[in-house]
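**Q** prediction below, plus the sequence it came from.
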Amino acid sequence: MVFVEQILKQKGGAFWFVAPDAMVIDALKLMAEKDVGALLVLGAGRLAGIISERDYARKVILKGKSSLQTPVREIMTPVVVTVRPGNTVEECMGLMTEKRIRHLPVVVEGQVVGVVSIGDVVKASLAAKDFVIEQLGNYLTGDR
């Protein structure tokens, strides 16, 4: 079983964020610079929301707003699904599928300690399955 804590140890706890009052254009530039599809929105050091490429497409472009004049707080998703380091990869996959989301902030005692993406979860899941297959192969062939 693979836990969120293990994913964060492998990839590190770095995450990217913007303030609620930042302009959408600045959030988009940061997403492009860091090659990520979403940013956390932190206000006063606390998780206030998340902004994704999907938010931009649906709440700025399709509504004719300007990314130069629209603050992040107007388009961010304010209710954020989070996980803890002790959650399993399977639990993350279930949440991501059920809620149709691709990013899960990892929170401990109200503080964000990292983010896991759908890519992180799939990669960890595949690595765990590969390990089990290798172990079963070793067992069957007598290699240890």
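**A** Alright, I've got the coordinates.
**Q** from here on, just use CA atoms for contacts and neighbour counts.
**A** OK.
**Q** what is the end-to-end distance of stretch 94-109?
**A** 23 Å (CA to CA, to the nearest Å).
**Q** bridged to the most centrally placed residue in the chain, which residues?
**A** Closest residue to the average C-alpha location of the chain: His103 at 2.5 Å, with CA atoms, centre = their mean. Beta bridges link His103 to Ser117 when assigned by DSSP bridges.
**Q** how close does it sit to Leu68?
**A** Relative to Leu68, and taking CA to CA, His103 is found at 25 Å.
**Q** now Ala38
**A** Ala38 is 18 Å from Leu68, by CA to CA.
**Q** the more surrounded of those two?
**A** Counted by other CA atoms under 10 Å, Ala38 and Leu68 do not tie: Ala38 has more neighbours, with 24 against 11.
**Q** can you tell me how far the residue nearest to the centre of the chain is from Arg54?
**A** 12 Å.
**Q** and Val81, by the same measure?
**A** 16 Å.
**Q** ok, back up a step: okay but the residue nearest to the centre of the chain is in contact with Asp120, surely?
**A** No: counting by CA atoms under 8 Å, His103 stays clear of Asp120, with 9.5 Å between them.
**Q** let me know the pLDDT of Lys129.
**A** For Lys129, the pLDDT comes out at 60.
**Q** same deal with Gln135?
**A** 58.
**Q** how much space separates Leu40 from Gly114?
**A** If you go by CA to CA, the gap between Leu40 and Gly114 works out to 10 Å.
**Q** shared neighbours, these two?
**A** Phe15, Pro105 (CA atoms under 8 Å, 6 or more residues apart in numbering).
**Q** Val112: how many residues sit nearby?
**A** Val112 has 21 nearby residues by other CA under 10 Å.
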